[in-house]
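[1] Compute the structure for the input listed below.
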Amino acid sequence: MTVSTTTITHQLRALLALTNTEIQVATTRIAQARTEAVRTELGENAENARRRALEIEGAIRAIGAAPDVVRPLLGRLTALGKALAEQVAPLDEALLGDLALEHQLLDRSRYLLALATAAGDDGVKDLAERLVEAHEATVEWLTTVLAEEAIGGPVALRRGPGQWGAGVALRAAAVPANVAMRTIDKVVESVRRAPDTAAAVVEEGQKEAQKVRDEVAGEDVDVDTLPIADYDAKTVTDIVARIKEIDDPSDIRTVVAYEETHRNRSGIVSAAQTRLAGIAQDIVGIEN
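    Purely as a prediction, here's the structure:
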């Protein structure tokens, strides 16, 4: 292989390992989604990342090299433990970790684009362009969610379920790590099953934690304190229209706290989250 092809192969392998980490993180984050719309978006992100991983593997084979089998699997396993451990860490720290991962993917994708252009490899160039576009969008989304957290929420992702969910899930995650010492085949099978198992544990813990949050929030929010007059008498359409006019993040937070502890209508919660995202994007300079 030429030096250029060797470098391209190295970057493709690095991107494949990072993409497998990205898949694991996205899968785990699904349990933290505040709304069904966010849950669907995260599910689509994970599926898109899986497709990107397959495309990267195909590009490596097209060059005439063999994909690195072990490193991507270890990357997914490491990400599983990291994501589950973050369930008890501040949400902003977890999101900053996710953002750092996406910046690695974006920067390597841009470097790959330059390498492919210089080498005249149109196939890898097209792949790199798609990777850059995808990771730019994810960086923007995560930056918005961080800004939402900074101004007080409600953010697209809820905080994790706490010590109980994390402890059980991390013990489950340790099983495939121990099996890895025996055979690669068993590692492959265990890691493939781990995301679904861990996500289920986290989601169960999330439900229990949410019950506690709802009880506390329900005691603190009174309908008379809401920024929308005659709230209970208004239709969903009326409330959504009023939410679009709210500029104070704390007022949006109050509406969500009341709605989630009473009727919990997804249309209203989603509208509130969308409005807050718009405010957050204005703060960090992202065009809506």
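[2] which secondary structure element contains Tyr258?
    Using DSSP states H and E, Tyr258 falls within helix 249-261.
[3] And the next helix or strand after that helix, what does it pack against?
    Per DSSP H and E, the first helix or strand lying C-terminal to helix 249-261 is helix 266-284. Judged by 3 or more Cβ pairs under 8 Å, 6 or more residues apart in numbering; DSSP states H and E, the packing partners of helix 266-284 are helix 36-63, helix 122-150, helix 236-243, helix 249-261. (Glycine included, C-beta is placed from N, CA and C.)
[4] sorry, back to before: tell me which residues of the helix holding Tyr258 are tucked away?
    249, 251-261 (16 or more other Cβ atoms under 10 Å).
[5] and the helices and strands packed on helix 266-284, which is most packed in?
    Comparing these by mean neighbour count (mean count of other Cβ atoms under 10 Å), helix 249-261 comes out on top with a mean of 20.
[6] could you give the angle of that helix to helix 266-284?
    Helix 249-261 and helix 266-284 are oriented at 160 degrees to each other (axes from the mean of the first three to the mean of the last three Cα atoms, to 10 degrees).
[7] Mind checking the pLDDT average for helix 249-261?
    The average of the pLDDT scores along helix 249-261 is 89.
[8] 816 is where my numbering starts, stick with that
    Happy to do that; since the first residue is 816 now, the last one works out to helix 1064-1076.
[9] pull the CA atoms of it into PDB?
    Below are the C-alpha coordinates for helix 1064-1076, written out as PDB (Å, rounded to 0.1, in the frame of the first residue of the first chain):
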ATOM      1  CA  PRO A1064     -36.700  29.600  30.500                       C
ATOM      2  CA  SER A1065     -37.900  29.500  34.100                       C
ATOM      3  CA  ASP A1066     -41.500  30.000  32.900                       C
ATOM      4  CA  ILE A1067     -41.100  27.200  30.400                       C
ATOM      5  CA  ARG A1068     -39.700  25.000  33.200                       C
ATOM      6  CA  THR A1069     -42.800  25.700  35.400                       C
ATOM      7  CA  VAL A1070     -45.200  24.700  32.600                       C
ATOM      8  CA  VAL A1071     -43.400  21.500  32.000                       C
ATOM      9  CA  ALA A1072     -43.200  20.600  35.800                       C
ATOM     10  CA  TYR A1073     -47.000  21.200  36.100                       C
ATOM     11  CA  GLU A1074     -47.900  19.400  32.900                       C
ATOM     12  CA  GLU A1075     -45.700  16.300  33.600                       C
ATOM     13  CA  THR A1076     -47.200  15.900  37.000                       C
END
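[10] Now do it against helix 937-965, angle only.
    Calculated by the same axes, to 10 degrees, helix 1064-1076 forms an angle of 90 degrees with helix 937-965.
[11] Nearest to Gly1082 among the buried residues of helix 1064-1076?
    Distance ranking of those against Gly1082, using Cβ to Cβ, places Glu1074 first at 9.8 Å.
[12] which residues touch the closest one?
    The neighbourhood of Glu1074, defined by Cβ atoms under 8 Å, 6 or more residues apart in numbering, consists of 1080, 1083-1084, 1087.
[13] Pull the residues that contact stretch 918-935.
    817, 819-820, 822-823, 826-827, 829-830, 833-834, 837, 937, 939-940, 942-944, 946-947, 950-951, 954.
[14] So which bits of it are buried?
    919-921, 923-928, 930-931, 934.
[15] I'd like to know which of the helices and strands packed on helix 1081-1099 lies nearest to Thr843.
    Closest among these, using Cβ to Cβ: helix 851-878, at 9.4 Å.
[16] What is the closest one packed up against?
    Helices and strands touching helix 851-878, as assessed by 3+ Cβ pairs under 8 Å, 6+ apart, comprise helix 818-844, helix 937-965, helix 1081-1099.
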